[in-house]
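Student: no sequence for this one, just the structure:
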């Protein structure tokens, strides 16, 4: 087995990944500039409070960017590409929350080199968002 195919051999169904992270004010500002999303639910404390939140909520797609870290950085090699994802946002996150990202490899196809993951982000054990991600492994 060469070093490229040995990377594929490290993946197995049931494999788990996880790490802690938080979103800073700087992250929010950078995402707002990149996405051109200026919705006051993410930027204005008074507006967010009128909508029932304690503070502006973190952009959902900024939270979802942890999937990019999973595929691009946390897998054993650099041969995987994200091919799809779906995320449901069930509870808001706020700047400086201590968040945790979890993923589990639920399907590894020997025939197509596809990888499917289920993912979630939590705060204090409560699920804030959950979903799935798909990747393909191309040596």
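Tutor: On my side now, so go ahead. Keep in mind that this is a model prediction, so the values were computed, not measured.

Student: Longest strand in the protein, please.
Tutor: The longest strand of the chain (DSSP state E) is strand 126-137.

Student: ok, residues contacting the helix ranked longest in the chain?
Tutor: For the chain, the helix with the greatest residue count under DSSP state H is helix 25-35. Residues outside helix 25-35 that contact it (C-beta atoms under 8 Å, 6 or more residues apart in numbering): 37-38, 42-43, 56, 58-59, 61-62, 95. (Each C-beta comes from the backbone N, C-alpha and C, glycine too.)

Student: for the residues you listed, which one is nearest residue 118?
Tutor: The shortest approach to residue 118 among the contacts of helix 25-35 belongs to residue 61, at 18.8 Å (C-beta to C-beta).

Student: Can you give me the neighbour number for residue 79?
Tutor: Neighbour count of residue 79, defined by other C-beta atoms under 10 Å: 16.

Student: what's across from residue 86 in the sheet?
Tutor: residue 132 (DSSP bridges).

Student: just how off-centre is stretch 11-23 within its chain?
Tutor: A distance of 10 Å separates the centroid of the chain from that of stretch 11-23, by C-alpha atoms, centre = their mean, to the nearest Å.

Student: I am finished for the moment; much appreciated.
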